[in-house]
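Trainee: need a structure here:
(one chain, ligands or ions: 2)
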Amino acid sequence: MSVEKPQPVQHLADYRPWPFTLSQTRLDVTLAPRDTVVLTELDLEPSDQPVDLVLDGGAGLRLQSLRIDGLTVDPAHVLRDDETLTIRAAALPRVPFTLATDVRIDPQDNTAFEGLYLSGGIFCTQCEAEGFRHITFYPDRPDVMTTFRVTLRSDLPVLLSNGNPVRAQDGVAEWNDPWPKPAYLFALVAGDLVAVSDSFTTRSGRAVDLNVWVRPGDQDRAGFAMESLIASMRWDEDVYGREYDLDVFNIVAVDDFNMGAMENKGLNIFNSKLVLASPDTATDGDYERIEAVIAHEYFHNWTGNRITCRDWFQLCLKEGLTVFRDQQFTSDLRSAAVKRIEDVQTLRARQFREDQGPLAHPPRPDRYEEINNFYTATVYEKGAEVIGMLKRLVGDDGYARALDLYFDRHDGDAATIEDWLKVFEDATGRDLAQFKRWYTDAGTPVLTLQETWQDGTLTLHFTQQTPPTPGQPDKPARVIPIAVGLIGPNGDEVAPTRVLEMTEDRQSFSFEGLGARPVASVLRGCSAPVMLQRQMDDATRAFLLAHDTDPFARWEAGRELALSALTQLARGADAGDDYITAIGALAGDADADPAFRALCLNLPGEEEIATRLATTGTTPDPDAIQQARAGLARRIAMAHQDLLAELYDTMTVPGAYSPDADAAARRSLRIAALGLLGRIDGGDRAEVLFGIAGNMTERMAALAVLLRLGRGDSALRMLHDEFADNRLVMDKWFGIQVMAAPPSDAVAVAERLAARPDFDWKNPNRFRALLGGLAANHAGFHAADGSGYAFTADWLMRMDAVNPQIAARMSTAFETWPRYDAARRDHARNALERIASLAGLSRNTREMVSRMIA
Ligand code: ARG
Ligand code: ZN
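Mentor: Ligands and ions are numbered 1, 2, ... in the order given. The predicted structure is shown next:
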């Protein structure tokens, strides 16, 4: 028998079940910054055939002893390489046995924040996807599920792990998790922490203690997270019939965290920016995001933990569904229309962008080198869109039946996308073979529409075509649900929304018996994640913006009008008058939701304009785009000066700050007006507002205006004086300076900030603030001289040696490089090749860079 070497490329087709059974895991951990002792006992049962026992665990684990049923394993039967520990079959009993290991690790030296690490004196863990193997030797794969019993030893006052507490005294805490789980859901926390506490009684009467653990002094900023948790628990009972299943639910906020948050069973660990909020430190956007992510992680208890993934190729099984659920939650608590528009904006900005470049991959990929590189907008956001389409196709009742069946049939399982689709087929009788392509095929389908009108019949002729993506040259037709309504010439709706099901490459649908030719409102609610190409004049778009009854389609009409103007302006043509007129009417429509008006007033970003140009065959010029956008904003401000000033003066919110949807909506319209007025008032309003505003939403909006005008210095100084010791506010302070810098200054500003002693670059939030801020400054990052690329490459290389996940993730700043002009492409390619040639480059960054220059 040979020892299997880990393959550099993992393939879905190679999946094999693990050939042992693991019935319990016992851990005993004595915490210390160096030489943490990890004692592990695994109760194992061999399968019928004698096979080697291969455990994950790399060179970083110092193995002190290895015993089977108390006896040391003969070293001649043990093999180690960089990633695994193998015990030869010859050394294994043919009956159930206990394997015990004694391993030592150094959390203090763990700068990659994967496994067990220290964050500001707090011991914590991050095990998804493959972090547990940095703690001990283990079958670190999601289909190996077992109960965990954990003993923690430390002088620190708070010692937490998964499940229910068994006992805690004299520096020893024991935890028991009765729900079988894979190792990626394991967590421990030890630190000097304080809790904001509450309780929740589930509908079957289980009393649950709730705690949000933060550092002493942060309690007054943890209340909103707790409210959000309680709202999430109630919502999941009401809407999905899902109850919580332990006696305690703990949330811990830590400052150093690679991602947003993590759904460890009964012990969610969060990036502190997604827990801590107060009106003077957090924006409305932050509050909305905290509420959504608290919900997301909580919802994982059923969609992720009780039902997990068989292997990491199935990641979207839990992530797509859980994003879909948190989106539903936010639309129920806030405005459904506004939430849908926000989600589609994110989808387009992040997922369509990914799908159009060298990093395109299907929601369920079938190969990867480093799974951490696949926590992407495609897996999460497109994964959620695919579920939205399923629901649209089978209807609300069909969806509810399918979900009940999913929970019934698969509770306790490590499941697959095939299992997921099968419950929909069984619950609704529908064949989903063609639908499955949404999971297996990459790329954003382009839907084109042509219309004919004859004898009272309007016919919509659609074609679908998906451009090639890496490894997938040909794309068969998909099932596309196209929601359509018709608006009559007088502005009344003459046909309510109906979902057309397109299954062929070309297909036509007719609406008969119409008196006069209506305007079709197509892809209502963004009923499928496709790009719609349709010949429509600006007057018709303005008509839909004024009359469409579907809020998404109405917003979309305004968006198309803006993009039509902006792309013409960026090509040097004259355009925009229709948009300016139409947008004024909408902004002044007192019957419309202020948040909706704000969304319509915000011009598409430079990145979105670049994408539109690229997909319609024009090489985007970042400087021309920036000028076109600034110029159009100025014209809007000039044309609607009085209206905008009135909105700015009246859309205030009386009384104490509240992050609720109505108050946030008024503020969003007010700051949309402020941003436009800043184009013509020299920034005077922003200067005043920054000084007097009692909330961070308005202060950040004002600061952005001032920075764009090059007059932000005193505001920056004020903010710094007030919040120098608040890491989250200082992250904003770093980020906005780069993001809102005039493009020609952006790289210089980034360089200056990077040289500051408080640029604590090993902290992921701080690094992301600066590098992400530059990437978000489109014309700054894509500076013609390549300086933005070079600066970013230098920092990615530096970060890669310390924290490969963060370096790899931030490398996506480059993912659109092939669409720019030859000079920029040369600079970008040089930067990427410089990274690729770095000695010792991590697998994470190597995979990303090689896909981008393939
Ligand atoms: N499962 C987490 C969430 O979506 C994300 C954790 C990802 N972590 C990572 N290192 N890739 O809520
Ligand atoms: Zn998730």
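Trainee: Can you pull the phi/psi pair for V248?
Mentor: Per-residue torsions, V248: phi -140, psi 150 (degrees, to the nearest 10).
Trainee: May I have stretch 833-846 as CSV, with CA atoms only?
Mentor: Output in CSV follows, covering the C-alpha atoms of stretch 833-846 (Å, rounded to 0.1, in the frame of the first residue of the first chain):
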residue,chain,number,x,y,z
GLU,A,833,4.4,38.4,-12.7
ARG,A,834,6.4,40.0,-10.0
ILE,A,835,4.1,38.4,-7.4
ALA,A,836,4.2,35.1,-9.1
SER,A,837,8.0,35.0,-9.1
LEU,A,838,8.2,35.6,-5.3
ALA,A,839,10.1,32.8,-3.6
GLY,A,840,8.0,30.9,-1.1
LEU,A,841,4.7,32.4,-2.4
SER,A,842,1.7,30.7,-0.6
ARG,A,843,-0.5,28.2,-2.4
ASN,A,844,-3.3,30.7,-1.9
THR,A,845,-1.8,33.6,-3.7
ARG,A,846,-0.1,31.4,-6.3
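Trainee: Pull out the buried residues from that stretch.
Mentor: 834-835, 838, 841-842, 844-846 (16 or more other CB atoms under 10 Å). Every C-beta, even on glycine, is put in place using the N, C-alpha and C of the backbone.
Trainee: just checking, what packs against the strand or helix carrying Q805?
Mentor: Taking DSSP states H and E as the definition, one finds Q805 inside helix 804-810. Packing partners of helix 804-810 (3 or more CB pairs under 8 Å, 6 or more residues apart in numbering; DSSP states H and E): helix 764-776, helix 787-800, helix 843-853.
Trainee: Just send the ones you listed back as a markdown table, with mean pLDDT and distance to R88 too.
Mentor: Formatted as a markdown table, the helices and strands packed on helix 804-810 follow (pLDDT from 0 to 100; distance: least, CB to CB, whole Å):
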| stretch | mean pLDDT | distance to R88 |
| --- | --- | --- |
| helix 764-776 | 98 | 41 |
| helix 787-800 | 99 | 36 |
| helix 843-853 | 98 | 28 |
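Trainee: Indicate which one of those is closest to A672.
Mentor: Proximity to A672 (CB to CB) singles out helix 764-776 among the helices and strands packed on helix 804-810, at 18.4 Å.
Trainee: and the angle for that closest one with helix 787-800?
Mentor: Orientation of helix 764-776 against helix 787-800 (axes from the mean of the first three to the mean of the last three CA atoms, to 10 degrees) gives an angle of 160 degrees.
Trainee: For helix 764-776, C-alpha coordinates in PDB please.
Mentor: The C-alpha trace of helix 764-776 is given here as PDB (Å, rounded to 0.1, in the frame of the first residue of the first chain):
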ATOM      1  CA  PRO A 764      -6.800  42.300   8.300                       C
ATOM      2  CA  ASN A 765      -9.300  45.200   8.800                       C
ATOM      3  CA  ARG A 766      -6.600  47.800   8.600                       C
ATOM      4  CA  PHE A 767      -4.900  46.200   5.600                       C
ATOM      5  CA  ARG A 768      -8.300  45.900   3.800                       C
ATOM      6  CA  ALA A 769      -9.100  49.500   4.600                       C
ATOM      7  CA  LEU A 770      -6.100  50.800   2.900                       C
ATOM      8  CA  LEU A 771      -5.600  48.400   0.000                       C
ATOM      9  CA  GLY A 772      -9.300  47.900  -0.500                       C
ATOM     10  CA  GLY A 773      -9.700  51.700  -0.400                       C
ATOM     11  CA  LEU A 774      -7.200  52.100  -3.200                       C
ATOM     12  CA  ALA A 775      -8.900  49.300  -5.300                       C
ATOM     13  CA  ALA A 776     -12.200  51.100  -4.800                       C
END
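Trainee: what residues does that helix touch?
Mentor: Contact with helix 764-776 is made by 113, 255-258, 271, 273, 607, 727-728, 730-732, 734-739, 746-747, 750, 753-754, 759-761, 780-781, 788, 791-792, 795-796, 799, 803, 806, 810, 813, as judged by CB atoms under 8 Å, 6 or more residues apart in numbering.
Trainee: okay, now N602: neighbour count?
Mentor: Look at N602: counted by other CB atoms under 10 Å, it has 17 neighbours.
Trainee: go on, the one 3 residues further on?
Mentor: G605 has 15 neighbours, counted by other CB under 10 Å.
Trainee: Confirm for me that it is in contact with A779.
Mentor: No: using CB atoms under 8 Å, G605 is not in contact with A779, being 11.2 Å away.
Trainee: now the residue of the stretch 401-550 of the chain found nearest ligand 1, nearest residue through space, not along the chain?
Mentor: Nearest residue of the stretch 401-550 of the chain to ligand 1 (CB to the nearest ligand atom) works out as A414 at 15.0 Å. Here the nearest residue to A414 in space, its sequence neighbours aside, is D143; by CB to CB, 6 or more residues apart in numbering that works out to 4.0 Å.
Trainee: quick one: that neighbour is in a strand?
Mentor: No: counting by DSSP: H, G, I helix; E, B strand; the rest coil, one finds D143 to be coil, located in no strand.
Trainee: which ones are touching it?
Mentor: By CB under 8 Å, 6+ apart, the residues touching D143 are 17-18, 182, 310-311, 414.
Trainee: Ok, P365 next?
Mentor: Contacts of P365 by CB under 8 Å, 6+ apart are 12, 313, 374.
Trainee: can you pick the most crowded of those?
Mentor: F313 leads those on contacts (other CB under 10 Å) with 23 neighbours.
Trainee: Contact partners for that one?
Mentor: Applying CB under 8 Å, 6+ apart, we find F313 in contact with 12, 15, 364-366, 368.
Trainee: for it, helix, strand, or coil?
Mentor: With three-state DSSP as the basis, F313 sits in helix.
Trainee: what's the distance between it and A672?
Mentor: According to CB to CB, to the nearest Å, F313 and A672 sit 42 Å apart.
Trainee: Likewise for P467?
Mentor: Using CB to CB, we find P467 at a distance of 34 Å from A672.
Trainee: Near ligand 1, which residues of the stretch 51-200 of the chain are found?
Mentor: 128-129 (CB under 6 Å from any ligand atom).
Trainee: Which residue is it, in the stretch 51-200 of the chain, that comes closest to ligand 1?
Mentor: E128 (4.5 Å).
Trainee: which residues touch the residue nearest to that residue when sequence neighbours are not counted?
Mentor: Excluding the flanking residues, the one nearest E128 by CB to CB, 6+ apart is Y184, at 4.2 Å. By CB under 8 Å, 6+ apart, the residues touching Y184 are 127-132, 140, 142.
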